[in-house]
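*Asks:* have a look at this prediction, sequence included:
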Amino acid sequence: YPGSDRWILEDVSFSVTPGERLAIVGENGAGKSTAVKLICGLYRPQKGQVLIDGRDASTYSDAGIKRVLNVVFQNYERFHFTVRQNITMSASPKDAEEDRNVQAALKNAECGELCGKLDCRLGTEEGGLDLSGGQWQKLAIARALYGGGKYILLDEPTSAIDPVAENEMYECFRNVFQKRGGIMISHRLASTCVADRIIV
């Protein structure tokens, strides 16, 4: 990082095969989130390279990365749009197929209670529906599930969820990861219950 002479990640190498569920765990500051940002192309490696489908990640366009990877960061955005717009990230007119896909993403993210409120505006600024921190986080996960990427990357996906809801989310992650490959970053060892392989 700027102003530091210490490498955040050094001599790190791993691969994820299609459909594989990988957990990366470690203490705060170990470089877990940095690894995700390198994979997504938000950071460029100073040495070495990141390959996606055998191709250097730096050669992908932003749209190309989105076709491969859907990411939920621990610091996700809370958009004061409608529920539908929060999932699709589009203001285009709705259609029945889109609504079915939005509702499927909401159900898979364990927030099916919002399926009947697709046109409801979120956030208290304009008298909209206020969500808890955990509900906002589930909504961010639903947004990633709505995307069609081959891999889901979750960076501390349960940080704002209470322990009971967290347990429910692990079953959700297990279902999602059965359909797509995935990487889950966490400092909680309980999150590794959905993984095929663990990197510390």
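*Replies:* Sure thing, it's come through. Numbers count the residues shown, from 1 in each chain.
*Asks:* the closest residue to residue 181 other than its chain neighbours and residue 191, how far apart?
*Replies:* Distances taken as C-beta to C-beta, 6 or more residues apart in numbering place residue 151 nearest to residue 181, at 4.6 Å, with adjacent residues excluded. Yep, even glycine has a C-beta here, placed from its N, CA and C like the rest. From residue 151 over to residue 191 the distance is 17 Å, taken as C-beta to C-beta, to the nearest Å.
*Asks:* between these two, point out the one with more neighbours.
*Replies:* Using other C-beta atoms under 10 Å as the criterion, residue 151 and residue 191 rank with residue 191 on top: 23 against 20.
*Asks:* ok now do that one, which residues does it touch?
*Replies:* Contacts for residue 191 (C-beta atoms under 8 Å, 6 or more residues apart in numbering) come out as 23, 25, 157, 158, 170, 184.
*Asks:* hmm, try it at 10 Å
*Replies:* Neighbour list for residue 191: 23-25, 154, 156-158, 166, 169-170, 173, 184-185, 198 [criterion: C-beta atoms under 10 Å, 6 or more residues apart in numbering].
*Asks:* again with residue 56
*Replies:* Residue 56 touches 41, 49, 50, counting by C-beta under 10 Å, 6+ apart.
*Asks:* select only the buried ones of those in PyMOL?
*Replies:* This is the PyMOL syntax for the buried subset of the contacts of residue 56, where burial follows 16 or more other C-beta atoms under 10 Å:
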select buried, resi 41+50
